[in-house]
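A.B. asks: I need the structure of the sequence given here:
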Amino acid sequence: MAKMMGPRFKQSRRLGLNVCGHPKAMNRATKGSSRADKKLTEYGMQLLEKQRLRAYYGVMEKQFTKYVRDAIKSPELTGHALIRTLETRLDNLVYRIGFASSIRQARQMVVHGHILVNGKRVDIPSYLVQIGDNITLREKSRDIELFKENFEGSFLVNYPYIERDKDNYTAVLVKMPERDEVPIEIDDQLIVEFYSKLI
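C.D. replies: Down below sits the predicted model:
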């Protein structure tokens, strides 16, 4: 199973955006260290934005292209449909719920079987969660201090499309996320323009 590896802070500095969500990721960023600091062509700006979005969600190119193809077929705006799909991946929702402190950690939790969807173990990070699905931290995993701390500290941030139950280590996707509810700094129109020439 392919996955994005490599130093996260270095990647964030190169892309000119904190794509890993760590508070110290951009501490060593200086003027000129990012591709965004250079004069880019229209294609260069589109490519950079695509790489930023892929890095946010840790998705490889082949799978990302498939998501774009599906979004183009959607009746809604292509960029919004793409981000909605990425946002409802299981690994991302495990991160948004607060079981993990990063998408990488969330992906590992899913693969190692710590997460249940509607009471059944799902170990596929790209699994697409549907409205009404219950995402639960497995009972045995609730004794792991790291997961407990992550979850209890996560209640400082609320997402309108997620409803959490602190006592039962559970959350429900109550609705599909709207574009303005998703906390990512991306110009999705540039990504649509990039792929419109390729697909």
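A.B. asks: give me the domain ranges for the chain.
C.D. replies: Partitioning the chain according to automatic domain parsing yields domains covering residues 8-76+184-196, 89-175.
A.B. asks: which of those domains sits closest to residue 82?
C.D. replies: domain 8-76+184-196 (4.0 Å; CB to CB). C-betas here are computed from N, CA, C, even on glycine.
A.B. asks: following the worst-scoring helix or strand of the chain on mean pLDDT, which helix or strand comes up?
C.D. replies: For the chain, scoring each helix and strand by mean pLDDT, DSSP states H and E identifies helix 8-15 as the least confident one, at a mean of 61. Next helix or strand after helix 8-15 toward the C-terminus (DSSP states H and E): helix 42-57.
A.B. asks: what helices and strands are in contact with that following helix?
C.D. replies: When contacts are defined as 3 or more CB pairs under 8 Å, 6 or more residues apart in numbering; DSSP states H and E, helix 42-57 packs onto helix 8-15, helix 61-73, helix 78-87, helix 188-196.
A.B. asks: name the residues that touch the last one?
C.D. replies: Counting contacts by CB atoms under 8 Å, 6 or more residues apart in numbering, the residues outside helix 188-196 that touch it are 43, 45-47, 49-50, 53, 65, 68, 72, 78-80, 82-83, 179.
A.B. asks: what about it, distance to the chain center?
C.D. replies: The chain centre lies 18 Å from the centre of helix 188-196; the measure is CA atoms, centre = their mean, to the nearest Å.
A.B. asks: same question, the second one
C.D. replies: For helix 61-73, the distance from its own C-alpha centre to the chain's C-alpha centre is 15 Å (CA atoms, centre = their mean).
A.B. asks: please write out the alpha-carbon positions of it in PDB.
C.D. replies: In PDB, the C-alpha atoms belonging to helix 61-73 read as follows (Å, rounded to 0.1, in the frame of the first residue of the first chain):
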ATOM      1  CA  GLU A  61      -1.300  10.800  -7.400                       C
ATOM      2  CA  LYS A  62      -3.100   7.800  -8.900                       C
ATOM      3  CA  GLN A  63      -5.800   7.800  -6.200                       C
ATOM      4  CA  PHE A  64      -6.100  11.600  -6.300                       C
ATOM      5  CA  THR A  65      -6.700  11.500 -10.100                       C
ATOM      6  CA  LYS A  66      -9.500   9.000  -9.500                       C
ATOM      7  CA  TYR A  67     -11.100  11.400  -7.000                       C
ATOM      8  CA  VAL A  68     -10.900  14.200  -9.500                       C
ATOM      9  CA  ARG A  69     -12.500  12.100 -12.200                       C
ATOM     10  CA  ASP A  70     -15.400  11.200  -9.900                       C
ATOM     11  CA  ALA A  71     -15.700  14.900  -8.800                       C
ATOM     12  CA  ILE A  72     -16.000  16.000 -12.500                       C
ATOM     13  CA  LYS A  73     -19.000  13.600 -12.900                       C
END
